[in-house]
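Student: Fold the stuff below for me.
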Amino acid sequence: METEFDFTLPKGYVDSNGEVHRRGRMRLATARDEIRATRDPRVLSNPSYLTIVILSYVVTELEGTNDRGVPLIEQLFTADLAFLQDMYQRINDIEPPVMEVVCPECGKVHTVPINFTREG
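Tutor: From the prediction side, this is the model:
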């Protein structure tokens, strides 16, 4: 079974020296990745951050750089982030995860899907 997949970013990550890095690898997500991400303080204060945290766990390599984790994912162009979100969904063959949110106006709890793609 294949557990790691090569990718080429559409735009590329620009490091502190101005070099562009486009080729990398992503591994399949584990249950632990998803659980750890939902407990991350950044996600608890801003549910939209879930995408960034999960991708920081599963992107295992970006050729030509030692940069890793959340700082790398935060610096990607939006086209590259959307590309990785779509790839994550495709290789893990999953429905978008859901998260419970509380309406700040009425206090009602809603379950909403977290969409990792640009569509819908």
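
Student: outside of the longest strand anywhere in the chain, which residues touch it?
Tutor: Scanning the chain for the strand with the most residues, using DSSP state E, yields strand 4-14. For strand 4-14, the external contacting residues (Cβ atoms under 8 Å, 6 or more residues apart in numbering) are 20-28, 60, 62, 65, 67, 72, 75-77, 79-80, 83-84, 87, 91. No exception for glycine: its C-beta is placed from N, CA and C like everyone else's.

Student: how about the CA coordinates for the helix or strand residue 90 falls within, as PDB?
Tutor: Per DSSP states H and E, residue 90 falls inside helix 78-92. Written as PDB, here are the backbone C-alpha positions of helix 78-92 (Å, rounded to 0.1, in the frame of the first residue of the first chain):
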ATOM      1  CA  THR A  78      -3.200  30.400  -1.500                       C
ATOM      2  CA  ALA A  79      -3.100  28.400  -4.800                       C
ATOM      3  CA  ASP A  80      -0.600  26.100  -3.200                       C
ATOM      4  CA  LEU A  81      -2.600  25.700   0.000                       C
ATOM      5  CA  ALA A  82      -5.700  24.900  -2.000                       C
ATOM      6  CA  PHE A  83      -3.700  22.400  -4.000                       C
ATOM      7  CA  LEU A  84      -2.500  20.600  -0.900                       C
ATOM      8  CA  GLN A  85      -6.000  20.700   0.700                       C
ATOM      9  CA  ASP A  86      -7.400  19.000  -2.400                       C
ATOM     10  CA  MET A  87      -4.600  16.400  -2.500                       C
ATOM     11  CA  TYR A  88      -5.100  15.700   1.200                       C
ATOM     12  CA  GLN A  89      -8.800  14.900   0.500                       C
ATOM     13  CA  ARG A  90      -8.000  12.800  -2.500                       C
ATOM     14  CA  ILE A  91      -5.300  10.600  -1.100                       C
ATOM     15  CA  ASN A  92      -7.100  10.100   2.200                       C
END
